[in-house]
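**Q** Got a sequence here, can you model it:
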Amino acid sequence: MFSMKTKYALRALSMLSREYGNGTVSITEIAEKENIPKRFLVNILQELKTLGIVNSLMGKNGGYFLTQKPEKISLLSVIQLCEQSIGLMDCVSETHPGDCLFCKDLETCKTRSVFTDIRDYTIRKLQETTLLNI
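**A** Below you'll find the model as predicted:
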């Protein structure tokens, strides 16, 4: 299950995707329309800005905007920012693999093998799915 950070990031980016090419969207507007706590949204957008997914303009007509076309931003890049791993179990984490909970031999664990396949499919699907699709 995704964290609230991931859910909020996807909501905010979905709105910015719909507004792509129409200028900036204020943080207040994003927070209100997407029902995201503003103080939480500030941190999420700052992280997305650091990664180059969004940028912002200051001033009266300032706000946030996507740095690329929505079809160029994969869901995988957003979710990997917010989540530690796509893997459903520690032993199949693509970032910080841990011990297997089901057996002592990682190479022959059939449960791990199934969850590795699920992780790999999920990564491929998220990589090919973009902000344009949500």
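**Q** Using the three-state scheme, assign K104.
**A** What DSSP: H, G, I helix; E, B strand; the rest coil gives for K104 is coil.
**Q** ok, so what distance separates the closest residue to E83 other than its chain neighbours from L81?
**A** For E83, ignoring the flanking residues on the chain, the nearest one in space by Cβ to Cβ, 6 or more residues apart in numbering is T6 at 5.8 Å. C-beta: built from backbone N, CA, C; applies to glycine. According to Cβ to Cβ, to the nearest Å, T6 and L81 sit 8 Å apart.
**Q** and if you look at P70?
**A** Counting by Cβ to Cβ, the gap from P70 to L81 is 16 Å.
**Q** Of the two, which one has the most company?
**A** Neighbours were counted for P70 and for L81 using other Cβ atoms under 10 Å; P70 has more, 19 against 16.
**Q** all helices for the chain, in order.
**A** Applying DSSP state H to the chain gives helices spanning 4-18, 27-34, 38-50, 75-82, 110-128.
**Q** Compute the inter-axis angle for the third one and helix 75-82.
**A** Angular relation of helix 38-50 and helix 75-82 on a 0 to 180 degree scale: 120 degrees, by axes from the mean of the first three to the mean of the last three Cα atoms, to 10 degrees.
**Q** Show me what counts as buried in helix 38-50.
**A** For helix 38-50, burial by neighbour count (16 or more other Cβ atoms under 10 Å) applies to 41, 44-45, 48.
**Q** Just the C-alpha atoms of that helix, please, in PDB.
**A** Extracted as PDB, the C-alpha positions of helix 38-50 are listed here (Å, rounded to 0.1, in the frame of the first residue of the first chain):
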ATOM      1  CA  LYS A  38      -0.700  22.600   2.300                       C
ATOM      2  CA  ARG A  39       2.200  22.200   4.700                       C
ATOM      3  CA  PHE A  40       2.700  18.600   3.600                       C
ATOM      4  CA  LEU A  41       2.300  19.600  -0.100                       C
ATOM      5  CA  VAL A  42       5.100  22.200   0.300                       C
ATOM      6  CA  ASN A  43       7.600  19.500   1.200                       C
ATOM      7  CA  ILE A  44       6.500  17.100  -1.500                       C
ATOM      8  CA  LEU A  45       6.700  19.800  -4.200                       C
ATOM      9  CA  GLN A  46      10.100  20.800  -3.000                       C
ATOM     10  CA  GLU A  47      11.400  17.200  -3.300                       C
ATOM     11  CA  LEU A  48       9.800  17.000  -6.800                       C
ATOM     12  CA  LYS A  49      11.500  20.300  -7.700                       C
ATOM     13  CA  THR A  50      14.900  19.000  -6.400                       C
END
